[in-house]
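> A structural model of the following input is requested.
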Amino acid sequence: MRTILKSVGFVLLVLGVIAAIIAAFIFVPTLFGAPNGDNAANSDVASAESEIDPQCRVDGVLAYMSGQQGFGEDDFVVGEERVDKTAPEFSRTGPLGFGIDGAIVDDRASLQALFESEEPVYQLIQETQLKMLDQYDREVVLDARNWEIVQTNVASTLNGNTGLLDGAVISAGDTFSQAGDAAWVFVDSATCTVPRATHDSMGNLVDPNSAETDKPVGFIRVGCKNPGNGFVPILPPPPVVVIEPKDPSQDPGARGSSQDGRGGNNDQGRGEYTSPETTTQPPAEPRVNPSTPPTVPPATAGPAPAPTLDPAPPPPPQPSAPPSSAPETRCVPIPGIEDCS
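Reported below is the predicted structural model:
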């Protein structure tokens, strides 16, 4: 009987060990993040994030700012780890800004929260970007991984800046911005470029014949969250060239500091060289000046010459009119026609 009980206990022990091993295979992977349920979804998100190279976004914004918009290499910075969030212009908001309670989009997480927000104000921003970049799917445009932050180190102009008034998007025109302003720019992660938008921030269709630098891009300011068309640097005016008259005292030739022309002194002409010894010298007699010519006295004045008479005879006198036969009427008779009677 005791032997039977021991056998039964041993079987129960073996069954317990097997059950524990099965439970471990079922529950332990789940506890440690096996790709089941929600954890599988998280794994998919992680793999999707790895498909977008951060350097791709940076390269696209670098090419946009320097190669297309004319910023110098020291005029801006790209990337969350490089922007100066303490700059006053970085978080500046205004009365027409889209921000709620002063909130700003200073990192990628807050930008993604904006894209997923149900707030009417933020949905206006979403719809603005979807209209500007209508050549891309909604999921691509409203994915913060396709956006990169850029901050200017120089004063700039914000093309097509918008504002929010009574729940509607209004145009704020081109707006001046001090150094330190920042914005998120949309980057095509397939080509690593900043694409040009088909519509501007106010929803107007862009003329395809416009210059590339004039076409808008996906653009959201960090502080105001205002959609806009992009950054343009404010370049200093060209230097004024003043043309002054030449100062002869500064002529290097006059001061004896002319550079050696390095020209040769060897005459390559066809003439023959004659040494000073064989050259015929002029005579050594002193030069005799010619005598002074005699002075001719002026001619004395004589009588005035007689005037020359006109050889042509004078014309004959003209016949006078016949006398009037009727002086009281002052009539002059015409012979053979009338007699003034």
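> ok, now which ones touch Val77?
For Val77, the contact set (CB atoms under 8 Å, 6 or more residues apart in numbering) comprises 83-84, 150-151, 153. In short, each C-beta sits where N, CA and C put it, glycine included.
> Just give the nearest non-adjacent residue to Ala87, would you?
Gly180 (3.3 Å; CB to CB, 6 or more residues apart in numbering).
> Quick one: low-confidence residue ranges for the stretch 151-300 of the chain.
235-269, 294, 296, 298-300 (pLDDT under 70).
> run the last query once more with 50
Applying pLDDT under 50 to the stretch 151-300 of the chain flags no residue at all.
> Quick one: the strands in it, in order.
For the stretch 151-300 of the chain, the strands defined by DSSP state E, counting those that start in this stretch cover 156-165, 168-177, 182-186, 219-221, 230-233.
> ok, the residue nearest to Ala87 touching Val154?
No: if you go by CB atoms under 8 Å, Gly180 and Val154 don't touch, sitting 9.6 Å apart.
> Need the residues touching each of those two.
Contact criterion CB under 8 Å, 6+ apart; residues shared by Gly180 and Val154: none found.
> Which segments of the protein make up each domain?
Following automatic domain parsing, one gets these domains for the chain: 2-48, 53-233.
> how long is the last one from one end to the other?
Yep, that's domain 53-233 we're talking about. 28 Å (CA to CA, to the nearest Å).
> returning to what we had before: JSON lines for the domains of the chain, including distance to Arg270?
Formatted as JSON lines, the domains of the chain follow (distance: least, CB to CB, whole Å):
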{"stretch": "domain 2-48", "distance to Arg270": "88"}
{"stretch": "domain 53-233", "distance to Arg270": "61"}
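> ranking the ones you listed by burial, who's on top?
With neighbours taken as mean count of other CB atoms under 10 Å, the domains of the chain reach their highest mean count in domain 53-233, at a mean of 18.
> Which one of the strands of the stretch 151-300 of the chain lies nearest to Asp53?
Proximity to Asp53, assessed across the strands of the stretch 151-300 of the chain by CB to CB, is greatest for strand 182-186 (15.8 Å).
> Could you list the paired strands of the closest one along with their orientation?
strand 147-152 (antiparallel), strand 219-221 (antiparallel) (DSSP bridges).
> wait, which of the ones you listed is closest to Phe231?
strand 147-152 (6.2 Å).
> quick one: that closest one to strand 156-165, angle?
Here the directions of strand 147-152 and strand 156-165 differ by 120 degrees (axes from the mean of the first three to the mean of the last three CA atoms, to 10 degrees).
> Between strand 168-177 and strand 147-152, find me the angle.
Using the same axes, to 10 degrees: strand 147-152 against strand 168-177 is 40 degrees.
> ok, now how distant is Phe219 from Ser156?
Per CB to CB, to the nearest Å, Phe219 is found 12 Å from Ser156.
> Check Ala172 too.
For Ala172, the distance to Ser156 - CB to CB - is 15 Å.
> again, but for Ala190
Taken as CB to CB, the span from Ala190 to Ser156 is 28 Å.
> swap in Asp101?
Computed with CB to CB, the distance linking Asp101 and Ser156 is 27 Å.
> Just send the strands of the stretch 151-300 of the chain back as TSV, with distance to Ala284 too.
Formatted as TSV, these follow (distance: least, CB to CB, whole Å):
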stretch	distance to Ala284
strand 156-165	88
strand 168-177	90
strand 182-186	96
strand 219-221	97
strand 230-233	83
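> Would you tell me which of those strands gets closest to Val78?
Per CB to CB, nearest to Val78 of the strands of the stretch 151-300 of the chain: strand 182-186, 9.0 Å.
> so which pair among the contacts of Val77 is furthest apart in space?
Farthest apart among these by CB to CB are Asp84 and Val150. That separation is 12.2 Å.
> Now for Asp143: which residues touch it?
By CB under 8 Å, 6+ apart, Asp143 lies in contact with 112, 115.
> rerun that using 10 Å as the cut-off
Going by CB atoms under 10 Å, 6 or more residues apart in numbering, Asp143 touches 48, 52, 111-112, 115, 136-137, 186, 189.
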